[in-house]
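Asks: Next come a sequence and a model predicted from it.
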Amino acid sequence: MQSFTKAERISFQREIDLLFHEGTSFLVYPLRVIYVEKQPFSGVPAAILVSVPKKRFKRAVKRNRLKRLIRETYRLNKNALWESLHLSGKGLLIAFIYIGNELCNFPTLDASMKKIIAKLV
């Protein structure tokens with residue numbers, strides 16, 4: 001399944017609060033990953049949140065571009081994560097926070113996303 005639906009996005013404030021208060025984080029440059037093991041309300045095995053800070057990128061165009069790239073790399077690489085979550089019967093809430101100071105290209109983000117997925121699996 002190569003789509004990214006609304007159900008895969010974290011949209012409930014309770015889930016966001018839980019993620020940032022009880023989550024575990026690690027760093028794979030240029031992304032900080034915060035995750036907590038919990039079945040999302042939406043019923044999918046993993047739900048994500050993408051954040052690019054306004055402090056580092058003043059222009060909304062650049063922030064939106066980075067968010068699109070992060071979502072696209074996740075969409076292309078999520079199958080391995082979903083399969084392992086289905087087999088274990090667990091669920092994950094994941095936040096991707098961009099921490100780089102410069103715009104990143106697709107191959108760099110794709111490589112870091114593969115490392116993140118491998119670490120989460």
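Replies: Structure's in. What do you need? Residues are numbered from 1 along each chain as shown.

Asks: Quick check: next helix or strand after the lengthiest helix in the chain?
Replies: What stands out as the longest helix in the chain, according to DSSP state H, is helix 60-88. Sequence order places strand 92-98 as the next helix or strand after helix 60-88, per DSSP states H and E.

Asks: partners of that following strand, with directions?
Replies: Strand pairing for strand 92-98, using DSSP bridges, gives strand 31-37 (antiparallel), strand 46-51 (parallel).

Asks: got the contact list for the longest one?
Replies: Applying CB atoms under 8 Å, 6 or more residues apart in numbering, the set of residues contacting strand 31-37 from outside is 18-20, 22-27, 70, 90-99, 109, 112-113, 116, 119-120. All C-beta atoms are positioned from the backbone trio N, CA, C, and that covers glycine.

Asks: Could you rerun that using 10 Å?
Replies: Residues outside strand 31-37 that contact it (CB atoms under 10 Å, 6 or more residues apart in numbering): 15, 18-27, 46, 48-51, 70, 73, 85, 88, 90-100, 104, 109, 112-113, 115-117, 119-120.

Asks: again, but for stretch 114-121
Replies: With CB under 10 Å, 6+ apart as the criterion, stretch 114-121 contacts 26-29, 31, 33, 35, 46, 73-74, 76-85, 88, 92, 94, 96.
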